[in-house]
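K.L.:
no sequence on this one, just coordinates:
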C-alpha cells in the first residue's frame, strides 16, 4: 500500500453535510473501472453513509454538539447555527470591478485570512460569521474522536490525504478563492492529518457530479447525439450539468444560487409560528424563551426541515412539529404543497438569508414552484439554443425527493418518457462521492498539466521569438509599399504648390504616417497577416509539441490540425493592431517617420541641385552654401543642419516642377522604409513586448484546448 493515496470528498451543504473516502493506488488508478466507496458514519451518528444535518450548537459546558444531540436537549443548547453557508461575494458591499480585482489578488492561493488593514471588505460582521461557522463546523467534524478513528483505519498505509471540497457551480472565481481561504484556516488547511501529509483542493460541485455519473456508468444507453442532464437540488442552490457519453467535459453548466430548499424550511417555520402564536399564552411563552436563548428559532427551523423530509419520505404524507413544551402541530402534504404554490419565496429569503435586493426584485411575489418552473424552462431553452438534446434526467440532492421537483421537470421536458427520469438511489451522497473522485481525476492529469505548462512557459515564447523575423518581413514589406505611395502623394502636393514650405509638407507626412493612421490604414490586412502567421507558422510549431504530449498521455485521437488553435480566425485578439502596435513599436515607428521626412527634404534638394544652371547659392545664398558643402563632404551632423535650415524656406513653384517623378520615387526607395520599419519592429524592447503580447493571447487558446484534453485523461 506504499503507493496509495486517500481522497476525502467533503460536501459541506447548507442543509446536509457528508464525507466520502476513496483509497487508490496512484500507479494503477488509470485502470479503475468503477470506484468502490467506503460507507462511514458521520459524527453524532452510527448509521454509515447517512448525511449529517448542517447545524451545530453548544451545550451547557460550551462543547460543540450536532443534530441528534440538539434534538435531545434543544432548550438547553446555545449558540445554534443553521443555514450558514453563503455566497461570499453577497456579503461584500459595494463590490465594483476594481475591488473585485484587488480581492482576487489577495485571496488567490492565500493560506491565511488577510488582516483587516489589508482587506477591510472581508472583515465585516457577516463575513466573520461565515468564517466562524464554516471553520467551527468543519473542525468539529474532523476533530471528533470516533470520526478520526474511522478515518485512521481507512487511510492505514497511505502516503497522503487529499481533502476535496465542493462549491456551487455558479460561484465565480472570487467566491471560490475566498471560500478556499476560509477552509485553509480550518483543520483541512494544516498540511497534515492523522500523521499524513494533507492537501486541500476545491472543485465545482457540477464537476463532482459529472465524475460520479461517468464513474457509475449512469450516462450510458443514451440515444446517439443525446445527453444526460443531472439536476442537483440542494438546500441552498440548484446545479445542473449536461453531458453525453462522448463528451470530453460537461457540455452545459448552470445553476441558481438562491433557489434551494431552505426557503421551504423557512416557509414552514413561518406557518408554524402563525399557527402557534394565535394563542396569546403561547406568544408570551415563546417571547420569553427566545429572550433567554436568541438562537432558539434556528432549532425550530431544524424541526421544520425534519417535518418536510418526513412528509415527502413516508406514505402518510403527515408530520408533527415538536418544539419545546408547546403542543405539537400537524402539517400534511396537501397544506405544504399549497404553500409551495402560493407563498412568495423572496420575502422569506430576504428576511432570513441576505438575499440581494436585485435578486429579490427579480423573484417578485412568485412561489417556490413558479420560480423553479421558470428556472427549468429557461435552462431547457438555453440548452436547445446550444444544440443539446436531453435524453435522460438524473435527479439528485436531498431535496429532489419532493414530488414538486419531478412534477415541474416532467412539465418542462414533455417529450421525454417516464422512464427517462432517474432518481439517484443515494441522492445525499452524489456530490461527496464525486468530490472524492476529483482528487484521483486531478492526479491522472498532473504529468500532462506539467508538460503543457512547460510548452506554454518555455516553448511558445521561444517559437514566437524565433519566427518574429518572418512576421516583421511580411508586415514591413506591405507597409513600406503603402507608405512610399503616401509620401509621394504629399510630395506631389508640394510640387503643385499646395504646401508653402518643406515644413508644411513634412508635417502632413508625419500625420499621414502616424501609428494611429497606419493602424486605420492597415485595418483587416494587418489582422490577416498576423493570423496567417500565427496559424501557418506559430500554430503548427506549437501543435507539434502538443501532439507529443497527447501521445505521451495516451490521447491519440487528436491530429496536429486539431491542436492548431491559431488556425481558427479570431483565435487571438479581436484586433491585431492591439498586438502589433505595442508602445515600444509605436515609439520606433515615430522615429522611422521622422527619418523619412528628413530624407524626403534632402532628396528634393539634391534633385533640384541636379538641374542644370541651378546651384545651392542661387536657392538660399551664402550661408546655405556652407551647409551644402558640409553635407556633400559628409561632415558629421550636416544632414540634420541641412534639414533644419531649409524646412521653412519657400521654393519657387517653377523650380518645384523640375523635380522628376521617377527620380523622386527612386530616391524614396533608397530611404528603405521597409528596412527602417523592420528595424524598429525588431528592436530588443519592441521584440520582447510583442513576444509577450502574442504569447499571452495565444496561450489562452492553447489552454482551452488543453483543458478539453485534460478532461479526456481525467475521465478515463
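P.N.:
Everything's here; your move. All values derive from a computational prediction rather than experimental measurement.
K.L.:
strands of the stretch 151-300 of the chain, start to end?
P.N.:
Using DSSP state E, counting those that start in this stretch, the strands of the stretch 151-300 of the chain run over 160-167, 192-193, 196-204, 226-233, 238-243, 252-256.
K.L.:
let's have those in CSV, adding distance to residue 475.
P.N.:
Every residue, glycine included, has its C-beta placed from N, CA and C. What follows is those, written out as CSV (distance: least, Cβ to Cβ, whole Å):
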stretch, distance to residue 475
strand 160-167, 46
strand 192-193, 56
strand 196-204, 43
strand 226-233, 45
strand 238-243, 44
strand 252-256, 41
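K.L.:
could those strands go into JSON lines alongside mean neighbour count?
P.N.:
As requested, the strands of the stretch 151-300 of the chain are exported to JSON lines (neighbours: other Cβ atoms under 10 Å):
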{"stretch": "strand 160-167", "mean neighbour count": "24"}
{"stretch": "strand 192-193", "mean neighbour count": "16"}
{"stretch": "strand 196-204", "mean neighbour count": "18"}
{"stretch": "strand 226-233", "mean neighbour count": "25"}
{"stretch": "strand 238-243", "mean neighbour count": "26"}
{"stretch": "strand 252-256", "mean neighbour count": "20"}
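K.L.:
could those go into CSV alongside distance to residue 324 and mean pLDDT?
P.N.:
Conversion of these to CSV gives the following (distance: least, Cβ to Cβ, whole Å; pLDDT from 0 to 100):
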stretch, distance to residue 324, mean pLDDT
strand 160-167, 35, 93
strand 192-193, 39, 94
strand 196-204, 40, 91
strand 226-233, 31, 84
strand 238-243, 33, 83
strand 252-256, 34, 82
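K.L.:
any idea how far residue 336 is from residue 506?
P.N.:
85 Å (Cβ to Cβ, to the nearest Å).
K.L.:
thinking again about what came up before, which one of the strands of the stretch 151-300 of the chain lies closest to residue 456?
P.N.:
strand 196-204 (21.4 Å; Cβ to Cβ).
K.L.:
and the angle from the closest one to strand 252-256?
P.N.:
Relative orientation of strand 196-204 versus strand 252-256 (axes from the mean of the first three to the mean of the last three Cα atoms, to 10 degrees): 90 degrees.
K.L.:
can you list the strands that strand 196-204 pairs with?
P.N.:
Applying DSSP bridges to the sheet, strand 196-204 is found paired with strand 160-167 (parallel), strand 192-193 (antiparallel).
K.L.:
quick one: contacts of the first one?
P.N.:
In this structure, residues lying in contact with strand 160-167 by Cβ atoms under 8 Å, 6 or more residues apart in numbering are 5-12, 155, 175-176, 179-180, 183, 188, 193-194, 196-205, 208, 431, 434-436, 438-439.
K.L.:
what about the helices in the stretch 451-600 of the chain?
P.N.:
For the stretch 451-600 of the chain, the helices defined by DSSP state H, counting those that start in this stretch occupy 460-495, 502-512, 515-533, 539-552, 560-563, 577-580, 583-610.
K.L.:
kindly reformat the ones you listed as TSV containing distance to residue 275 and mean pLDDT.
P.N.:
Below are the helices of the stretch 451-600 of the chain laid out as TSV (distance: least, Cβ to Cβ, whole Å; pLDDT from 0 to 100):
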stretch	distance to residue 275	mean pLDDT
helix 460-495	68	85
helix 502-512	82	88
helix 515-533	69	76
helix 539-552	65	85
helix 560-563	64	82
helix 577-580	65	65
helix 583-610	71	78
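K.L.:
adding distance to residue 165 and mean neighbour count, write the ones you listed out as CSV.
P.N.:
Output for the helices of the stretch 451-600 of the chain, formatted as CSV (distance: least, Cβ to Cβ, whole Å; neighbours: other Cβ atoms under 10 Å):
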stretch, distance to residue 165, mean neighbour count
helix 460-495, 33, 18
helix 502-512, 60, 18
helix 515-533, 42, 17
helix 539-552, 29, 19
helix 560-563, 33, 16
helix 577-580, 39, 20
helix 583-610, 43, 19
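K.L.:
for those helices, which one sits closest to residue 51?
P.N.:
helix 539-552 (40.3 Å).
K.L.:
which elements pack onto the closest one?
P.N.:
Contact analysis of helix 539-552 by 3 or more Cβ pairs under 8 Å, 6 or more residues apart in numbering; DSSP states H and E lists helix 446-454, helix 460-495, helix 560-563, helix 684-714 as its packing neighbours.
K.L.:
so which of those helices comes closest to residue 375?
P.N.:
Nearest to residue 375, of all the helices and strands packed on helix 539-552, is helix 684-714, at 26.5 Å by Cβ to Cβ.
K.L.:
what packs against the closest one?
P.N.:
helix 430-444, helix 446-454, helix 460-495, helix 539-552, helix 577-580, helix 583-610, helix 673-681.
K.L.:
distance to residue 269 added to these, as CSV?
P.N.:
Listed next are the helices and strands packed on helix 684-714 as CSV, based on distance: least, Cβ to Cβ, whole Å:
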stretch, distance to residue 269
helix 430-444, 26
helix 446-454, 47
helix 460-495, 58
helix 539-552, 55
helix 577-580, 56
helix 583-610, 61
helix 673-681, 70
